[in-house]
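**Student:** just a sequence and a predicted model for now, questions to come.
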Amino acid sequence: MNTREKFIFHKNFKYRHFTSTILAGNLKDKTLRDNFLISQNLNPANLVLVNQVHSSDVKIVEKYNCGNFIDNCDGLITTDKSIILGIFTADCVPLLMTNGIVKTAIHAGWRGIHSGIIENAVGILNNKFSINPKDIEVYVGPHIHSCCYEVSRDFENIFNLKLKNNRLDLSEVVFSKLKKLGIVNIFDMNLCTCCQNNYFFSYRRNKTSDRILSLLA
Ligand SMILES: [Zn+2]
């Protein structure tokens, strides 16, 4: 990874997307965020964000939602080409999904994953938009990996798995859910926000309120 880059992306996920790095600053700050988008030739007025609450709720957004934060949900879906979907994270999993027509962005922490946000999003894409999961491509952004994610034994019951050295492998939980839903095209950055905290904000490491932004344009 080039340590001077303000954003990263997956070269095989062919849709316009990226995750900002710590060098872009805390993108919850509107001025920083707007300037950053403009520097990438993206119009900040077209961005839709979420007031993330670690829920499993996903909402469909339209043109009139542009420039706003959507309350009480952790996932967004849109069919509007001009809309940019954004998700803030600092250890949780940013998931960007698309079949090239319908766009989805999800904030997936362990609570949201456990309560079914991935199933809810793919369910909407399947039932409401008739999208075959095989046609959905998923970008898995930087998030905390098992190297840094020590958790209590309770998580064995929560996720019905065996912890290795008391560490939770959130990536593995996400991949297995995606695969169970029939999604095969998964593009994983395979980067840990916690041990790579020179590049990303990490809540676990710093208890920071600063966030990186993943977006799908
Ligand atoms: Zn790590």
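**Tutor:** That came in fine, so what should we check first?

**Student:** contacting residues for the residue nearest in space to the middle of the chain?
**Tutor:** In the chain, the residue lying closest to the centroid (C-alpha atoms, centre = their mean) is residue 94, at 1.4 Å. Taking C-beta atoms under 8 Å, 6 or more residues apart in numbering as the criterion, residue 94 is in contact with 19, 87, 105, 106, 107, 108, 139, 140, 141, 142, 143, 214. The C-beta positions use only the backbone N, C-alpha and C, and glycine is treated the same way.

**Student:** quick one: the helices in this protein, in order.
**Tutor:** Counting by DSSP state H, the chain forms helices over residues 30-39, 110-115, 117-127, 154-159, 170-180, 203-206, given from the N-terminal end onward.

**Student:** and for residue 160, the neighbour number?
**Tutor:** A total of 8 residues lie near residue 160 under the criterion other C-beta atoms under 10 Å.

**Student:** tell me where this protein has strands.
**Tutor:** Along the chain, the segments classed as strands by DSSP state E run 7-8, 17-20, 47-50, 58-60, 69-70, 75-78, 84-89, 93-98, 103-108, 137-140, 185-188, 212-216.

**Student:** if I look at residue 38, how far off is the ion?
**Tutor:** Residue 38 sits at a distance of 32 Å from the ion (criterion: C-beta to the ion, to the nearest Å).

**Student:** once you drop chain neighbours, what's closest to that residue?
**Tutor:** Nearest residue to residue 38 in three dimensions, chain neighbours excluded: residue 44, at 6.6 Å (C-beta to C-beta, 6 or more residues apart in numbering).

**Student:** so that neighbour sits against residue 27, correct?
**Tutor:** No - taking C-beta atoms under 8 Å as the contact criterion, residue 44 and residue 27 are not neighbours in contact, 10.9 Å apart.
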